[in-house]
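Asker: What would the 3D arrangement of this be:
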Amino acid sequence: MENQRGKGLSFARRIYWPRIIGLGIGGISVFAALYPLALPGWTWALLLFHGLLWPHLAYQLSTRSAFPYQAERRNLLYDSMLGGFWAATLQFNPLPAVTILSMMAMNNVAAGGLRLFIRGSLAQGIGILASWLLFGAHFNTQISALQIYACLPMLTLYPLAVGMVCYRLAIKLSEHKRALSALSRTDSLTGLLNHGSWKDLLHIKFHKCQQRQMEACIALIDIDHFKAINDTYGHIIGDAVLRHLSNELRRNLRHDDLAGRYGGDEFCVILPRMNPQQALDVMERLRRVFSQYRHPQVPELKASLSIGLATFDPVYQEPSSWLDAADQALYQAKNTGRNRIASNDGPLRVSRTQMA
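Answerer: Residues are numbered from 1 along each chain as shown. Predicted coordinates:
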């Protein structure tokens, strides 16, 4: 409910200034066409109200409504009805009448698509009938120079105002789209790539290594005995350990290294343009730094990492083979005491590097 109200208020704010501009300069066009006609005084009072006061009243009606979006759509229908009324009252003088009716139609299409356009057209028809009942049906095809000049601001300034609103809306939608795209690719707890996004990038990097014969390594990282940390200290402390590892990954990796949360307490890293020794040095630095972590509320907590490294090998036919090599290396690190790095230098050759 609150979210819908917020969207409705945003909708009302977007329409507020274009309505002020449109009705203000539109009133000039109507005045120039009505001036030669003998009309009662209340007609001029209505024109002043519609052109100068109604935009502010409409905004207040929308923002104070429990349902601002629906209220603003009603206001647009009132605009259309009065637009039809003025078009008929100025005896369908071609230039001002077409200007008013087309601008009202543009408003409705921009704000609500075909459905609001149809409803707006019906509202214009009601306004036309009201004018005919009051003043009779008349048609005047004579256009004076004054009327032409009076319509120019409406034909130039108002489309510019609507265009600016649409441009700002497009920018905002683009920003929201980028934000949603980023959210869909990242893990909410750590801010790193999520499992699916990292696997997609692994495929890209794998094929790039094949095509360019480029060196690269991948690392699978596991927090030792993480379940015991959760069981002993609780999930809040466990989450803090996960966030700390993600922060250390950001601090210790290069800008173009790709780190992700593979699942649970397991993390993954793609290290492009890096040979096995360089990758080993980076992961060893990470392992040593992480082992020094102490949580301020539970200083007795100690955490360590087991890491499996795999170097790209042209023998691999699929990215899954490369990943499986890293997984085998991680399995070796965990099975030989944990808190160490194991490296797989090829699809069949497994070596182990134990760190003190």
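Asker: ok, how many other residues are close to the closest residue to residue 304 other than its chain neighbours?
Answerer: Spatial nearest neighbour of residue 304, excluding adjacent residues (C-beta to C-beta, 6 or more residues apart in numbering): residue 339 at 3.9 Å. C-betas here are computed from N, CA, C, even on glycine. By other C-beta atoms under 10 Å, 20 other residues sit near residue 339.
Asker: Same question for residue 317.
Answerer: Residues contacting residue 317 under the criterion other C-beta under 10 Å number 11.
Asker: Can you tell me the element it falls in?
Answerer: Assigned by DSSP states H and E, residue 317 belongs to neither a helix nor a strand.
Asker: can you pull the contacts of it?
Answerer: Applying C-beta atoms under 8 Å, 6 or more residues apart in numbering to residue 317 gives no contacts.
Asker: Break the chain into its domains for me.
Answerer: Listed by automatic domain parsing, the domain ranges of the chain are 2-183, 195-353.
Asker: how distant is the shortest one from the center of its chain?
Answerer: Read it as domain 195-353. Mean-position distance between domain 195-353 and its chain equals 31 Å (C-alpha atoms, centre = their mean, to the nearest Å).
Asker: again, but for the longest one
Answerer: Centre-to-centre, domain 2-183 and its host chain are 29 Å apart (C-alpha atoms, centre = their mean).
Asker: coming back round to it: quick one: classify the residue nearest to residue 304 as helix, strand or coil.
Answerer: Three-state call for residue 339 (DSSP: H, G, I helix; E, B strand; the rest coil): coil.
Asker: Any figure for the gap between residue 110 and residue 295?
Answerer: 55 Å (C-beta to C-beta, to the nearest Å).
Asker: Neighbour count: those two, which is higher?
Answerer: residue 110 (19 against 16).
Asker: mind checking which helix or strand the more buried one is in?
Answerer: Using DSSP H and E, residue 110 sits within helix 94-135.
Asker: avg pLDDT for that helix?
Answerer: For helix 94-135, the mean per-residue pLDDT is 90.
Asker: same thing with stretch 240-251?
Answerer: The model assigns stretch 240-251 a mean pLDDT of 94.
Asker: Need the residues that contact that stretch.
Answerer: With C-beta under 8 Å, 6+ apart as the test, stretch 240-251 has contacts from 189-192, 221, 223, 226, 229, 259, 261, 265, 267, 269, 286, 289-290, 293, 295, 301, 303, 305.
Asker: let's go with 7 Å and repeat that
Answerer: 189-192, 223, 229, 259, 265, 267, 269, 286, 289-290, 293, 295, 303 (C-beta atoms under 7 Å, 6 or more residues apart in numbering).
Asker: how far away is the nearest residue to residue 270 once chain neighbours are set aside from residue 274?
Answerer: Distance criterion C-beta to C-beta, 6+ apart; nearest residue to residue 270, sequence neighbours excluded, is residue 258 at 4.2 Å. Counting by C-beta to C-beta, the separation of residue 258 from residue 274 is 12 Å.
Asker: ditto for residue 309
Answerer: Taken as C-beta to C-beta, the span from residue 309 to residue 274 is 10 Å.
Asker: intersection of neighbour lists for these two?
Answerer: With C-beta under 7 Å, 6+ apart, residue 309 and residue 274 have common neighbours residue 217.
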